[in-house]
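Undergrad: sequence and computational prediction follow.
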Amino acid sequence: MVRLTPTLILILLLAVVFGFASGCSSRTVFVPEESPMRVGPAANFRVYHRVNGEWVLSGNKIEIPEGWYLVPPSFVKE
């Protein structure tokens, strides 16, 4: 028979807590084209911009203000 020492009880309790906590995290999924998205806090990424009628990827990351919209290409006229 296994003797339940305080250390063993603590280890078992922590294992159960971590097991439940691992299922409580949120996950992000890509939203379909029908729905625009908004930029969250502290967003830094490379962007495409138009140069002489062509889309060119920026060489560096820029900070995008929180609240700006991200829309799929079908929302924008060429």
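TA: That came through fine. Numbering: from 1, shown residues only.

Undergrad: would you map the strands across the protein?
TA: 37-38, 43-45, 48-51, 54-57, 62-64, 69-70 (DSSP state E).

Undergrad: what are the pairing partners of the first one, and which direction each?
TA: In this case it means strand 37-38. With DSSP bridges as the test, strand 37-38 is paired with strand 69-70 (antiparallel).

Undergrad: model confidence over the strand it pairs with, on average?
TA: Averaging pLDDT along strand 69-70 yields 88.

Undergrad: which among the strands of the chain is found nearest to Leu8?
TA: Nearest to Leu8, of all the strands of the chain, is strand 43-45, at 45.8 Å by Cβ to Cβ. The C-beta positions use only the backbone N, C-alpha and C, and glycine is treated the same way.

Undergrad: tally of neighbours for Val47?
TA: Close neighbours of Val47, defined as other Cβ atoms under 10 Å, add up to 12.

Undergrad: same check on the one 4 residues further on?
TA: Burial of Val51, expressed as a neighbour count using other Cβ under 10 Å, amounts to 8.

Undergrad: what's opposite it in the beta bridge?
TA: Glu54.

Undergrad: point out where this structure drops to low pLDDT.
TA: Residues of the chain meeting the criterion pLDDT under 70: 1-2, 19-31, 78.

Undergrad: can you show me the helices along this protein?
TA: Along the chain, the segments classed as helices by DSSP state H run 6-21.

Undergrad: nearest to Phe18, of the strands of the chain?
TA: strand 43-45 (30.4 Å).

Undergrad: next one: that closest one to chain centre, how far?
TA: 12 Å (Cα atoms, centre = their mean, to the nearest Å).

Undergrad: who does that strand pair up with?
TA: Using DSSP bridges, strand 43-45 pairs in its sheet with strand 62-64 (antiparallel).

Undergrad: hmm, who's touching the partner strand?
TA: Val39, Ala42, Ala43, Asn44, Phe45, Arg46, Val47 (Cβ atoms under 8 Å, 6 or more residues apart in numbering).
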